[in-house]
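[1] one predicted model, sequence on top.
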Amino acid sequence: MSISARTMNVIGRSCASLLVIAGMMAGLLPAQEGHPLVGTWHGDWGPNPQNRTDVTFVIDWDGKAISGIINPGPDAMKIENATVAPVPDPNGWKVHFEANAKGVRIVVDGTIQDITNVRRSVVGTWTQGASKGDFKMRRDN
């Protein structure tokens, strides 16, 4: 039993059409999220609502350790110690960052808010030397 050239042509076009449709559908599916801290984050910290300092975090994860920088640019600070501790409450993951700003120790402790949202946030405290204040940052898309 042989298959005609015309039948082969119809089968080939059908397969090609299915591949195109599958490719378009894949573009509509949401991407899988990786580590909850990876990305660029913007926020601020300060002792009161009138006295705030803007901060930017660029955070990465290599599969074993969290790394990154605070305030990219000439005065960038390397994140020296970072941890995230998952807890049963999805809005309660604890995070901890440490860095040095020209010899002054920075310690940030917070909680990831709305962890399933791509624009999740971290809320907590920022201690820089003897100064302490509240802290909030939100992840960029």
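    Sure, I can see it.
[2] any idea how far the residue lying closest to Gly68 once chain neighbours are set aside is from Arg139?
    Leaving aside its chain neighbours, Gly68 sits nearest to Ile59 (3.9 Å; criterion: C-beta to C-beta, 6 or more residues apart in numbering). C-beta coordinates here come from the backbone N, C-alpha and C atoms, glycine included. The gap separating Ile59 from Arg139 is 9 Å, by C-beta to C-beta, to the nearest Å.
[3] residues shared between the contacts of the two?
    39-41 (C-beta atoms under 8 Å, 6 or more residues apart in numbering).
[4] just the buried residues of those residues.
    Buried subset of those (neighbour count, 16 or more other C-beta atoms under 10 Å): 39, 41.
[5] can you list the shared contacts of Ile59 and Arg139 in TSV and add pLDDT?
    TSV is the format used below for the shared contacts of Ile59 and Arg139 (pLDDT from 0 to 100):
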residue	pLDDT
Gly39	95
Thr40	97
Trp41	97
